[in-house]
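Enquirer: give me the fold of what follows.
(one chain, ligands or ions: 2)
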Amino acid sequence: MAPGLLSANATRKHKVTVIGSGNWGSTISKIVSENTKEHPELFEEEVQMWVYEEEVEYEGKTQKLTSIINTHHENIKYLPNIKLPTNLIANPSLEDAVSNSSILIFNLPHQFIHRICGQLKGKILPFARGISCIKGVNVTDEGVSLFSEWIGEGLGIYCGALSGANIASEIAAEKWSETTIAYDPPPMDNSRNPSRNATPRSGTPSRNSPRASADELSITPLAENQHRDVRGRISKTKLTPVPQEYPPLDHDTFKTLFHRPYFHVRMVSDVAGVSLGGALKNIVALAAGFVDGRGWGDNAKAAIMRVGLLEMVKFGHEFFGETISTGTFTEESAGVADLITSCMGGRNFRCAKKAVEKGISVQEVEQTELNGQKLQGTSTAAEVNSFLKQRGLEQDYPLFTAVHNILEGRNTVDDIPDLVART
Ligand SMILES: NC(=O)c1ccc[n+]([C@@H]2O[C@H](COP(=O)([O-])OP(=O)(O)OC[C@H]3O[C@@H](n4cnc5c(N)ncnc54)[C@H](O)[C@@H]3O)[C@@H](O)[C@H]2O)c1
Ligand SMILES: O=P(O)(O)OC[C@H](O)CO
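Expert: Ligands and ions are numbered 1, 2, ... in the order given. Sure thing, here's the model as predicted:
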């Protein structure tokens with residue numbers, strides 16, 4: 001960052017907490033800890049990582065995972081053989097880990113986020129800002145929401161999203177990759193340096209959108225105390241501005257926090273597109289594993305990716321059409337690139353492939369092969385299916401529906417070609 005861009009009033013530094021310490025949680029913690037150390041003008045050097053405490057066997061003794069991480073600087077269970085920076089502190093207390101943190105990075109399997117957010121209510125700084133690295137969707141009776149919006153509304157903060165073609169083990173080994181961070185800074189955070197967030201809001205209002213009236217959408221200028229939710233509506237959440245004593249929380253600051261020579265960041269504003277791409281590609285990756293496990297080869301896998309991408313874009317436009325940009329799916333790491341890497345080597349792909357090869361369930365492979373790591377595709381397939389079924393739309397998403405039905409034993413892999421034939 002050019003020093004001249006930093007506000008002259010910035011006397012405080014941002015404290016960063018990562019909530020979650022799995023395979024990706026530990027990798028992202030490594031990345032941000034390297035950057036807080038390199039940028040003391042913006043961030044406190046020490047990074048907190050909340051760890052769901054476990055007892056693990058290490059050097060012939062049963063020990064707490066947090067104490068192993070803090071002593072040996074390695075998460076031996078979820079990210080073995082990778083040295084973690086010494087300024088990264090593993091903390092088993094959620095409340096203590098988030099205390100006084102102005103940047104909260106949510107990075108845990110989506111099945112645990114409800115309970116964690118419930119525990120965080122009232123415990124975080126009112127002006128904290130979040131980045132969700134979670135790949136999943138939240139389905140309730142009212143509809144489907146993204147974790148970025150669900151966290152933001154639940155905790156009364158603004159929350160962006162990070163997602164991309166990011167298999168954690170490769171990034172932890174510092175092999176080059178790209179990612180996408182979507183952050184649409186609330187104007188109140190931006191007023192000190194409006195030119196610093198040059199990326200325009202992407203996406204165009206949908207004509208068929210039932211959710212937001214035209215004058216609510218991004219064509220309407222916002223008042224100083226307003227901001228938009230991820231669907232482009234004027235948000236009902238009342239935000240507390242980031243105090244002037246802190247460096248502004250904008251695209252430049254977030255890029256400085258996450259960008260590494262081996263982890264290239266592109267900043268965009270389409271939070272819905274970035275969040276949705278990361279969630280839906282996990283369903284497609286299961287399908288890719290199914291056909292690969294069946295021995296059908298690369299042509300079949302490419303067909304799965306083509307159909308899957310179409311369903312991802314269709315879902316985005318149909319349910320988040322107000323703001324979502326097709327370009328997020330077709331041009332960003334969070335879209336097509338994540339789809340490809342996940343269908344070639346992700347955990348969802350690998351477990352689905354092995355399940356077909358061995359004639360057992362994907363859940364069984366997850367239990368026996370992943371050493372506590374969690375698949376996101378199986379629950380996302382069920383959640384998306386329940387949402388589509390309630391609306392009578394299963395037939396409009398034949399691949400998503402086929403994946404759920406195969407997981408449930410109602411279809412087999414051999415049915416896939418006929419089920420997706422019209423797409
Ligand atoms: N691993 C990857 O390559 C990768 C890459 C990009 C994004 N992601 C996404 O990142 C998110 C986090 O995944 P991950 O790979 O870090 O996790 P993981 O599957 O490696 O680890 C599971 C985590 O869940 C924790 N946990 C277990 N039981 C718990 C409980 N009851 N309450 C709270 N936590 C509990 C464990 O301590 C562990 O940290 C997911 O949404 C995933 O899709 C993963
Ligand atoms: O291993 P998966 O299937 O959870 O996918 C990992 C990442 O999301 C790939 O970008």
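Enquirer: assign Met267 to helix, strand or coil.
Expert: strand (DSSP: H, G, I helix; E, B strand; the rest coil).
Enquirer: just give me the neighbour total for the nearest residue to it once chain neighbours are set aside.
Expert: In space, Met267 comes closest to His251 once its chain neighbours are excluded; the distance is 4.4 Å by Cβ to Cβ, 6 or more residues apart in numbering. C-beta: built from backbone N, CA, C; applies to glycine. His251 has 22 neighbours, counted by other Cβ atoms under 10 Å.
Enquirer: try the one 4 residues further on
Expert: If you count neighbours by other Cβ under 10 Å, Lys255 ends up with 17.
Enquirer: gap between it and Arg266?
Expert: The spacing between Lys255 and Arg266, counted by Cβ to Cβ, to the nearest Å, is 9 Å.
Enquirer: mutual contacts of those two, please.
Expert: Shared contacts of Lys255 and Arg266, defined by Cβ atoms under 8 Å, 6 or more residues apart in numbering, comprise Ile181.
Enquirer: can you pull the phi/psi pair for the residue nearest to Met267?
Expert: Main-chain torsions, His251, degrees, to the nearest 10: phi -60, psi -40.
Enquirer: now the helices: where do they sit in the stretch 1-150 of the chain?
Expert: 23-38, 65-72, 94-98, 113-120, 147-155 (DSSP state H, counting those that start in this stretch).
Enquirer: need these in TSV with mean pLDDT, distance to ligand 1 and mean neighbour count, can you?
Expert: Output for those, formatted as TSV (pLDDT from 0 to 100; distance: least, Cβ to the nearest ligand atom, whole Å; neighbours: other Cβ atoms under 10 Å):
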stretch	mean pLDDT	distance to ligand 1	mean neighbour count
helix 23-38	98	3	24
helix 65-72	98	8	18
helix 94-98	98	9	17
helix 113-120	96	6	15
helix 147-155	93	8	23
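Enquirer: of those helices, give the one that comes closest to ligand 2.
Expert: helix 23-38 (7.2 Å; Cβ to the nearest ligand atom).
Enquirer: buried residues in stretch 375-394?
Expert: 375-385, 387-388, 394 (16 or more other Cβ atoms under 10 Å).
Enquirer: related to what we said a few turns ago, look up how far ligand 2 lies from the residue nearest to Met267.
Expert: From His251 across to ligand 2, the span is 22 Å (Cβ to the nearest ligand atom, to the nearest Å).
Enquirer: then Tyr158?
Expert: 24 Å.
Enquirer: what's the neighbour count on that residue?
Expert: 28.
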